[in-house]
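K.L.:
just need the structure, nothing else, for what follows:
(one chain, ligands or ions: 2)
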Amino acid sequence: MELNGITYSYDRKTDQLQGVTASIGQGKMTAIIGPNGSGKSTLLGVMARNLAPRSGTAVLDGKAIAAYKPKELARKLAVVHQRNDAPGDLTVERLAYYGRLPHRSLFAQRSEDDEEAVEWALGCTNLLARRGARICELSGGERQRVWIALALAQKTPILFLDEPTAYLDMYYQIELLELIRRLNLRHGLTIVIVLHDMNQAVRYCDEIIVMKGGQAVLQGTPEQVVTARTIKDIYGVDVVVRHDELAGMYIVPVGTGERN
Ligand code: ADP
Ligand code: MG
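P.N.:
Ligands and ions are numbered 1, 2, ... in the order given. Okay, the predicted model is just below:
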């Protein structure tokens, strides 16, 4: 997907996105990072066509996303939002079947394709044994995986995720990132993921897009983007960049540079 000069305004007074130009590589895992309120979720909203830009275009496979029919776009890309709500008494399996809606005509029976897609989605997310569980009975980590299963059941080549690791403890964060990276590497899914933790972006992603003040100010590989200088510019925090044989490149914040 190519983003060309995307401008978006919630209130027609200030622009929350100010001419964002960026490129999402096919088959890559791309992180969007940046301070709170920098426009990450808004950008994802425009990319998924939940929000219509005031100007600029998002082009997917050579065609502006505005020109896609709803079902046609829903077969191309699936989104896991930052906040998700479902009736708690719905089962895991029932919720996963909602991902099949773009592939079915109204009132149609479940097809073999539907069943295969749901089995695959539950298998990928390690939820086969929990298929009969109700949403309200799940742990935070399981619940997050159900939303990914729903998106996977949609069987799209592209998956967008907005801070899927928020509110999870460390084990579930890493488990989820490993799952998403596996979907990317083994199944060839193109992934765009909003991440809060810079070290996670560095470790799991091929590309990083940095948002600041409604603009995409940087794009490149982790090595290109993450330097002490850029982190200071973006977040106002002094960091040291280190390399570890096992962990690879990582950053450690050392302070804001303000006097105590
Ligand atoms: P991020 O995801 O990077 O934290 P957002 O994209 O959510 O940032 O928000 C970007 C800016 O748009 C912020 O200033 C935020 O206050 C504003 N904003 C977000 N959602 C809305 C909305 N529904 N109505 C009005 N302003 C909004
Ligand atoms: Mg956000």
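
K.L.:
which parts of stretch 249-260 are buried?
P.N.:
Neighbour counts over stretch 249-260 (16 or more other Cβ atoms under 10 Å) mark 250-251 as buried. Heads up, the C-betas are built off the backbone N, CA and C, glycines and all.

K.L.:
residues from this structure in reach of ligand 1?
P.N.:
Within the chain, the positions lying close to ligand 1 (Cβ under 6 Å from any ligand atom) are 10, 16, 34, 36-42.

K.L.:
need the residues of the protein near ligand 2, please.
P.N.:
40-41 (Cβ under 5 Å from the ion).

K.L.:
output the below-cut-off pLDDT ranges for the protein.
P.N.:
106, 260 (pLDDT under 70).

K.L.:
could I get the full set of strands for it?
P.N.:
2-8, 17-23, 29-33, 55-60, 63-64, 77-80, 158-162, 190-194, 207-212, 215-220, 238-244, 248-255 (DSSP state E).

K.L.:
distance to Gly99 added to these, as CSV?
P.N.:
Listed next are the strands of the chain as CSV, based on distance: least, Cβ to Cβ, whole Å:
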stretch, distance to Gly99
strand 2-8, 25
strand 17-23, 27
strand 29-33, 21
strand 55-60, 19
strand 63-64, 23
strand 77-80, 7
strand 158-162, 11
strand 190-194, 16
strand 207-212, 26
strand 215-220, 29
strand 238-244, 38
strand 248-255, 34
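
K.L.:
okay, domains of the protein per the record?
P.N.:
The chain breaks down into these domains under automatic domain parsing: 1-76+156-222, 82-155.

K.L.:
hang on, the earlier thing: can you select the buried ones among the residues of the chain next to ligand 1 for me in ChimeraX?
P.N.:
To isolate the buried ones among the residues of the chain next to ligand 1 in ChimeraX, judged by 16+ other Cβ under 10 Å, type:
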select :16,34,38,39,40,41,42
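
K.L.:
and the domains of the chain as a markdown table, adding distance to Val252?
P.N.:
A markdown table is the format used below for the domains of the chain (distance: least, Cβ to Cβ, whole Å):
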| stretch | distance to Val252 |
| --- | --- |
| domain 1-76+156-222 | 9 |
| domain 82-155 | 26 |
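
K.L.:
which residues does Val225 contact?
P.N.:
The neighbourhood of Val225, defined by Cβ atoms under 8 Å, 6 or more residues apart in numbering, consists of 208, 210, 218-219.

K.L.:
at 7 Å instead, please
P.N.:
208, 210, 218 (Cβ atoms under 7 Å, 6 or more residues apart in numbering).

K.L.:
I'd say Gln200 and Leu176 touch.
P.N.:
No - using Cβ atoms under 7 Å, Gln200 is not in contact with Leu176; the gap is 10.0 Å.

K.L.:
hey, what's Val194 bridged with?
P.N.:
Ile32, Asp162 (DSSP bridges).

K.L.:
residue nearest the centroid of this structure?
P.N.:
Nearest to the mean C-alpha position of the chain, by Cα atoms, centre = their mean, lies Leu161 at 2.0 Å.

K.L.:
so what's the residue of the stretch 151-260 of the chain found nearest ligand 1 up against?
P.N.:
Residue of the stretch 151-260 of the chain nearest ligand 1, by Cβ to the nearest ligand atom: Met211 (6.0 Å). Neighbouring residues of Met211 by Cβ under 7 Å, 6+ apart: 32, 34, 38-40, 43.

K.L.:
ditto for Tyr8
P.N.:
Contacts of Tyr8 by Cβ under 7 Å, 6+ apart are 15-17, 42, 46, 51, 53-54.

K.L.:
list only buried entries from those.
P.N.:
Taking 16+ other Cβ under 10 Å as the criterion, what is buried in those is 15-17, 42, 46, 51, 53.

K.L.:
inside helices: which ones of these?
P.N.:
42, 46 (DSSP state H).

K.L.:
dump the buried ones among the contacts of Tyr8 to JSON lines, plus distance to Glu72.
P.N.:
Below are these laid out as JSON lines (distance: Cβ to Cβ, whole Å):
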{"residue": "Asp15", "distance to Glu72": "29"}
{"residue": "Gln16", "distance to Glu72": "27"}
{"residue": "Leu17", "distance to Glu72": "24"}
{"residue": "Thr42", "distance to Glu72": "24"}
{"residue": "Val46", "distance to Glu72": "18"}
{"residue": "Leu51", "distance to Glu72": "19"}
{"residue": "Pro53", "distance to Glu72": "19"}
